[in-house]
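Peer 1: Predicted model, plus sequence, below.
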Amino acid sequence: YKIQDLIHNSMKGEPAAILQALLVGVRGEISDQTEQAFIDSGVIHVLAVSGLHVGYVTLAILVITGFLRLPLKPRVLITIIVLGFYVLVVDIKPSVFRAVIMASMVLIAKGWERQVNIYNSLAAAALIQTLIDPLQLFDMGFQLSFTAVFSIVYIYKRFEKLLPVGLKEVLFSKNAVRYVVQMFLVSLAALVGTIPITIYYFNRIPIISMISNLLIIPLIGLIGALGFAQVIIGSVFAIVNIAYGEIEMLLIKLLRTIVQIFSSV
């Protein structure tokens, strides 16, 4: 509630509703028209708090504890504790819980110098979540989250190997082009893996998402990063909260424009 108050003190209307959906997963204030536009453009997943947001929280805490010159193991423990609180803030959503378990395993492995296997950590997260609540197996968010991560990890590598060596050297020689190609392949891998679930629940195949994700994901990343900074710093300095709010309003207006363009295709 404190985070929602901070957002509403600096922003109004639909932009405030979108930002609180991005940060704490509260989507009730988003209009049906806006939500349908996100669905039609194949990027409704960005309005759900997910592993992307867990990544931002993890990075923010690691940076802050790094500035404090703390040793690696205390930094890892503090980050895991904060992630545990974040899971509770967003009402223990399956995708967030999955990401926090996996992030914690990776952090512990780094802190205690152990090897990380992404498939093992994904399976462990599924096991822990279903031990706590077996009915999560039938939750759409659980199914999409685990299938998407597995698809990105497994299928993406296969897609990259299919690229001819000469073409790969040309495409990957420039960072900007490499980023676009990798983002496209990641979106394609996630789409291919989750098609059965998407058809079952939504009766559609969001082909446009392979293109829309290229523009919308980086913009969501920027909005999310600024949003978390706004919550942390703005809770202490009201003027900073308002300043961040003005910037967020402009970025979310740009986001809505891009989403409307893609949704009309």
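Peer 2: Structure's in. What do you need?
Peer 1: contacts, neighbours, all on C-alpha from now
Peer 2: Fine.
Peer 1: I252 reaches I223, doesn't it?
Peer 2: Yes: here I252 reaches I223: they are 7.5 Å apart, a contact under C-alpha atoms under 8 Å.
Peer 1: Following the lowest-mean-pLDDT helix or strand in the chain in sequence, what is the next regular element?
Peer 2: Considering only helices and strands, the least confidently modelled element of the chain by mean pLDDT, DSSP states H and E is helix 165-171, at a mean of 80. Sequence-wise, the next helix or strand beyond helix 165-171 is helix 175-202, with elements assigned using DSSP states H and E.
Peer 1: Remind me what that next one packs against, helices and strands.
Peer 2: The helices and strands touching helix 175-202, judged by 3 or more C-alpha pairs under 8 Å, 6 or more residues apart in numbering; DSSP states H and E, are helix 140-162, helix 165-171, helix 209-234.
Peer 1: Quick check: chain neighbours aside, which residue is closest to F184?
Peer 2: What sits nearest to F184 in space, not counting adjacent residues and going by C-alpha to C-alpha, 6 or more residues apart in numbering, is M210, at 6.0 Å.
Peer 1: who touches that neighbour in this structure?
Peer 2: Contact criterion C-alpha atoms under 8 Å, 6 or more residues apart in numbering gives F184, S187, L188, L191 as the residues in contact with M210.
Peer 1: Not counting sequence-adjacent ones, nearest residue to L72?
Peer 2: Closest residue in space to L72, ignoring its immediate chain neighbours: G111 at 6.0 Å, by C-alpha to C-alpha, 6+ apart.
Peer 1: Could you double-check that the one you found lies in contact with I78?
Peer 2: No: here G111 lies out of contact with I78, judged by C-alpha under 8 Å, at a distance of 11.9 Å.
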